[in-house]
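[1] Turn this into a model:
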Amino acid sequence: MASLNVEQLKSTGDVPPARFGHTLTLCGKNKAVLFGGAIGDSGKFIITNELYMIDLSINQWSKLNQQGNIPSQRAAHAACMIETNQIVVYGGAASGGGGLSSDDLFLLDMRSNQYNPSWVSIPTHGQTPGKRYGHTMVFFKPFLIVFGGNTGIQPVNDVWILNVEKAPYQWQQFNPTGPQPSVRVYHSAALCQTGSANGMMVIFGGRTADQSALNDSWGLRRHRDGKWDWVLAPYRSTSEADMPICRYQHWITFSGSLMLVIGGRTNATDEQQQSMEIYDTESSDWYKVQSVNRYRHSVLLIENKMLMYGGFEPEFPNKPLDSMLQIDISKIGTIFPKLSKNFFGTQNNSNILQERNNNNNNIQAQQTMNQKENYKPQYNQIANQTFNNGNQKNNQNVQPQQLQMQHEQHQQEQQQLRNGQVKKVDNARSTTPMKGQQKLIRISNQAIVAQTYEPDQEYNNQLIRKVLVQNLAEESKKLLVGIQQDFQGLSVNDNLCQLFIQSLLRPGEWKPIELKLPFRRELIVRLCDEVVSILESQATLLKVRAPIKIIGSIHGRFNELLRFFENFGAPSDDLENLDGDIEKFDYLFLGNYVDKGFNSLEVICLLFALKLKYPEQIHLLRGSHEDRKINRLYGLAEECSIRLNEDINDINSVYQRVNRVFDMMPLGAILEDKILCLPGGLGKNIQSLEEIENIQRPIQNLWDSYNIYANELINSTYIEQQVVTIGNPVKDIFKTNSTVKFGDLKVNQFLNENKINMIIRSGTPLQEGFETNQAGTVISLFSCPDYMGQFQNMGSLIKVTKNFQIIPHQLQPTVLKQGTWLKPETQLKTIIKYSQDEMALKQRQPTPPKKPIY
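    As a prediction, the model looks like this:
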């Protein structure tokens with residue numbers, strides 16, 4: 001058996017005494033905090049609550065001066081980092097005689113002073129997980145998850161979840177209805193953030209009530225509808241020689257999609273010849289390498305360095321250790337080349353950076369090879385789909401014949417994909433390193449384009465839809481739900497949103513056959529009021545998650561919005577009729593829903609209904625036309641006046657109620673703490689994310705001087721070559737000096753100071769529908785094909801996948817011309833009275849879409 005290189009590091013400073021049952025938790029780059037554990041030897045152990053920090057760049061220890069509500073002495077507790085310099089601790093054993101620590105949740109706050117940190121006991125409401133030891137705790141943002149352990153009476157297998165972003169804090173017990181792990185203590189758990197188990201808390205091993213060690217692996221996953229369930233990990237080989245060792249008091253961690261298992265005690269009498277084991281979540285295979293053995297230790301993984309501290313060696317079970325061992329795990333990729341992509345600085349990152357310098361021919365050739373590779377019969381991928389899709393029947397006994405049948409079926413489905421056109425977009429390629437992480441944000445070097453069709457052609461989805469081969473892997477990683485049921489048993493709100501959705505979400509079928517809306521005014525007003533109540537509970541700066549679709553300006557072009565849904569998937573749980581993908585993707589709309597196009601009311605009624613049905617998955621930002629002074633001039637007011645036959649000045653009119661919704665809309669969204677999404681841009685005065693978060697809503701008049709931050713977010717324009725942020729008189733139609741143009745100097749300063757990587761923005765008409773700057777730090781998005789019915793531009797949406805690949809999807813303009821509320825030949829008589837200045841603004845020439853610079 002091949003072995004790994006193990007090196008003992010020399011430490012300096014306030015070196016802690018030897019110990020076991022402690023926690024060692026990263027608190028930032030190259031720094032970790034040691035808390036608690038038991039010290040002593042020969043069976044005379046003392047449990048402590050000492051706190052140390054190690055600077056791993058120089059291997060220097062410092063004993064910290066604890067402040068505040070310091071936790072009591074404990075061992076066999078659990079700890080994890082929730083933010084940089086913020087660590088939470090829960091549970092543990094308070095004495096060697098079986099006493100347990102309290103069920104308080106403690107927060108260690110090191111943000112002000114790392115060497116004099118402060119402890120806080122976090123108040124929680126309702127029931128807690130209770131006292132326990134030998135459990136695990138993992139942070140899957142924003143959820144803190146506690147599993148298993150021993151309550152002092154018996155081992156358990158319960159799961160408790162706390163949302164750290166939802167006050168008041170309250171523990172919720174998860175009660176599974178399907179298969180679940182057996183009771184256990186002294187197991188290990190870690191969060192997988194890559195591959196098919198991405199987003200799962202994975203547990204391995206542990207000890208049962210009869211003192212037997214375990215070797216099973218389970219993944220706890222959260223569905224996009226908020227439900228949780230357990231998935232048993234399949235092991236491809238069932239021969240005893242290939243199975244992992246049963247163990248407890250061990251440690252697991254993830255490098256890419258590989259779960260590394262090291263140390264621990266076993267059922268065997270000889271525990272000294274133990275190996276490190278590696279589980280590949282992609283292929284369901286186990287691998288073994290010879291390594292050092294410890295138990296009741298702690299482990300950190302920094303890039304390719306695995307650090308082990310403290311614990312016991314099997315041959316000296318009464319003498320704890322104080323040494324820090326370093327293991328170079330990159331050698332695993334040398335021993336098993338197929339695993340090499342999972343280690344820092346190897347294939348995963350170098351290929352992406354190398355691709356940026358390849359010429360177009362090499363890129364195209366590589367893509368062709370990748371597509372061919374994806375069609376090969378790969379038993380490992382199919383076995384892994386079993387893990388991801390939660391098939392609990394005979395997971396460990398899937399035969400090659402069955403896998404071959406599954407592959408052939410999958411291949412047949414691929415051949416049935418609808419045809420389309422893939423357009424090469426050279427200026428849409430970039431890679432942006434994610435600050436403080438190994439992940440890269442990768443902008444795809446291809447855009448998916450939906451073809452147009454002639455009016456006399458029979459409408460055929462096969463002419464329009466295109467799915468890239470590399471996206472098929474994404475499909476297998478998502479969780480699907482059943483088809484939408486009928487109205488029976490639904491709440492009033494469910495009935496309300498279903499009424500609008502079933503009438504409007506009809507891609508390929510909807511046609512503007514009459515001027516009058518098919519809905520009563522009272523229903524639209526009720527819909528607006530319900531959406532306002534949802535928006536009141538949501539933040540000004542939303543926190544959104546990947547995978548997600550991002551859509552820019554729509555401008556009342558309802559038929560184009562439906563074409564996006566038809567070609568690239570719709571926000572629905574109707575899988576059969578609508579190609580619904582709401583269980584795969586969240587949706588973020590960047591504003592400018594109304595004005596100019598004839599069907600603003602359909603756009604907002606559908607989006608409001610979707611928001612009501614999926615409040616945590618449909619996100620609506622406020623754009624420049626979600627403003628009374630603007631939409632009075634450019635279409636919405638006239639549309640409400642004519643199509644609803646109402647007085648727009650009536651406080652109870654649909655027009656006024658719709659604008660009340662606009663007043664409450666968020667002004668930005670932060671995607672996974674790395675990508676800032678805005679309706680317009682950064683402006684001149686905004687310096688931090690906190691300033692955006694602190695903007696108070698509702699905002700009725702964007703153009704007042706005290707709403708300068710909101711106005712800049714909505715109305716500022718990005719110009720790549722702009723060095724100094726200056727006024728933008730073209731957009732400052734009300735002469736308030738509050739609209740500006742900003743450039744890369746402002747962008748780079750904001751990204752660096754706020755530790756984010758990219759901005760995705762809208763508001764600027766674009767000929768290609770999207771555009772990236774040369775540095776790959778700003779993407780501009782425009783989702784209105786054939787803007788104003790005269791420019792023949794394309795519209796785009798963007799998909800951001802779970803692994804942060806950004807894929808533009810383009811929609812070509814149709815040959816069917818559509819009017820706008822602003823063209824003289826399409827204007828209808830209205831009772832709205834416009835001043836001379838207002839008429840001059842209405843008659844301003846539109847800004848032509850910006851053409852790409854190649």
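
[2] CA only for contacts and neighbour counts going forward, please
    Noted.

[3] starting at the chain centroid, how far to the strand or helix carrying residue 80?
    Using DSSP states H and E, residue 80 sits in strand 78-83. Between the centre of strand 78-83 and the centre of its chain there are 19 Å (C-alpha atoms, centre = their mean, to the nearest Å).

[4] Quick one: residues contacting residue 615.
    residue 534 (C-alpha atoms under 8 Å, 6 or more residues apart in numbering).

[5] could you check the distance from it over to residue 226?
    12 Å (C-alpha to C-alpha, to the nearest Å).

[6] Residue 852 too?
    41 Å.

[7] what about those two, which has more around it?
    Taking neighbours as other C-alpha atoms under 10 Å, residue 852 and residue 226 compare with residue 852 leading, 13 against 8.

[8] mind listing the helices in the stretch 451-600 of the chain by residue range?
    Using DSSP state H, counting those that start in this stretch, the helices of the stretch 451-600 of the chain run over 472-476, 492-504, 521-536, 558-568, 600-613.

[9] Make TSV out of those and add distance to residue 63.
    Below are the helices of the stretch 451-600 of the chain laid out as TSV (distance: least, C-alpha to C-alpha, whole Å):
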stretch	distance to residue 63
helix 472-476	46
helix 492-504	57
helix 521-536	46
helix 558-568	56
helix 600-613	51
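
[10] Of all those, which one is nearest residue 811?
    With C-alpha to C-alpha as the criterion, residue 811 lies closest to helix 558-568 of those, at 7.0 Å.

[11] Confirm for me that residue 279 is in contact with residue 262.
    No - using C-alpha atoms under 8 Å, residue 279 is not in contact with residue 262, being 11.5 Å away.

[12] Just give the number of residues close to the nearest residue to residue 50 once chain neighbours are set aside.
    Spatial nearest neighbour of residue 50, chain neighbours left out: residue 36 (5.4 Å); criterion: C-alpha to C-alpha, 6 or more residues apart in numbering. Neighbourhood size, residue 36 [other C-alpha under 10 Å]: 25.

[13] Got phi/psi on residue 36?
    Phi and psi for residue 36, reported as degrees, to the nearest 10, are phi 70, psi -150.

[14] do the same with residue 840
    phi -60, psi -40.

[15] For burial, what's the neighbour tally of it?
    Neighbours of residue 840 (other C-alpha under 10 Å): 10.

[16] OK, contacts around it?
    By C-alpha under 8 Å, 6+ apart, the contact list for residue 840 is empty.

[17] Just the pLDDT at it, thanks.
    Confidence at residue 840, expressed as pLDDT, is 88.

[18] That one and residue 691: what is the separation?
    Per C-alpha to C-alpha, residue 840 is found 36 Å from residue 691.

[19] now swap in residue 233 and tell me
    From residue 233 to residue 691 the distance is 44 Å (C-alpha to C-alpha).

[20] More neighbours: which of these two?
    The residue with more neighbours, out of residue 233 and residue 691, is residue 233; 27 against 12, by other C-alpha under 10 Å.

[21] Tell me if I'm right that the more buried one and residue 215 touch.
    No - Residue 233 is not in contact with residue 215 according to C-alpha under 8 Å; the separation is 11.0 Å.

[22] Where does pLDDT dip in the stretch 751-854 of the chain?
    815-819, 821-829, 853-854 (pLDDT under 70).

[23] Strands of that one, residue ranges please.
    Using DSSP state E, counting those that start in this stretch, the strands of the stretch 751-854 of the chain run over 758-762, 770-772, 778-781, 795-800, 805-811.

[24] Specify the stretch among these that is closest to residue 546.
    strand 795-800 (6.3 Å).

[25] Just want the angle from the closest one to strand 758-762.
    Interaxial angle, strand 795-800 versus strand 758-762 (axes from the mean of the first three to the mean of the last three C-alpha atoms, to 10 degrees): 150 degrees.

[26] Check which helices and strands strand 795-800 sits against.
    For strand 795-800, the packing partners by 3 or more C-alpha pairs under 8 Å, 6 or more residues apart in numbering; DSSP states H and E come out as strand 548-551, strand 778-781, strand 805-811.

[27] One more pass at 10 Å, please.
    If you count contacts as 3 or more C-alpha pairs under 10 Å, 6 or more residues apart in numbering; DSSP states H and E, strand 795-800 packs onto strand 440-443, strand 446-450, strand 548-551, helix 558-568, strand 586-589, strand 770-772, strand 778-781, strand 805-811.

[28] With mean neighbour count and distance to residue 14 as added columns, please give these in a markdown table.
    Formatted as a markdown table, those follow (neighbours: other C-alpha atoms under 10 Å; distance: least, C-alpha to C-alpha, whole Å):
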| stretch | mean neighbour count | distance to residue 14 |
| --- | --- | --- |
| strand 440-443 | 22 | 37 |
| strand 446-450 | 24 | 54 |
| strand 548-551 | 24 | 47 |
| helix 558-568 | 23 | 59 |
| strand 586-589 | 24 | 49 |
| strand 770-772 | 25 | 50 |
| strand 778-781 | 25 | 46 |
| strand 805-811 | 25 | 44 |
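
[29] So for residue 653, which of these sits nearest?
    Here helix 558-568 is closest among those (C-alpha to C-alpha), at 21.7 Å.

[30] quick one on the thing from earlier: possible to save the helices and strands packed on strand 795-800 as JSON lines with distance to residue 494?
    Shown next, in JSON lines, are those (distance: least, C-alpha to C-alpha, whole Å):
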{"stretch": "strand 440-443", "distance to residue 494": "37"}
{"stretch": "strand 446-450", "distance to residue 494": "33"}
{"stretch": "strand 548-551", "distance to residue 494": "24"}
{"stretch": "helix 558-568", "distance to residue 494": "21"}
{"stretch": "strand 586-589", "distance to residue 494": "19"}
{"stretch": "strand 770-772", "distance to residue 494": "35"}
{"stretch": "strand 778-781", "distance to residue 494": "32"}
{"stretch": "strand 805-811", "distance to residue 494": "31"}
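
[31] quick one: which of the ones you listed is nearest residue 290?
    strand 440-443 (32.1 Å).

[32] so what does the closest one touch, helix or strand wise?
    Packed next to strand 440-443, using 3+ C-alpha pairs under 10 Å, 6+ apart, are helix 347-355, strand 430-433, strand 795-800, strand 805-811.

[33] Listing partners with orientation, what would you give for it?
    Counting by DSSP bridges, the strands paired with strand 440-443 are strand 430-433 (antiparallel), strand 805-811 (parallel).

[34] C-alpha coordinates for it, CSV please?
    Extracted C-alpha coordinates of strand 440-443, given in CSV (Å, rounded to 0.1, in the frame of the first residue of the first chain):
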residue,chain,number,x,y,z
LEU,A,440,-13.3,30.4,-9.7
ILE,A,441,-16.2,32.3,-11.1
ARG,A,442,-16.0,31.2,-14.7
ILE,A,443,-17.8,33.0,-17.5
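
[35] starting at the chain centroid, how far to it?
    With C-alpha atoms, centre = their mean, you get 14 Å for strand 440-443.
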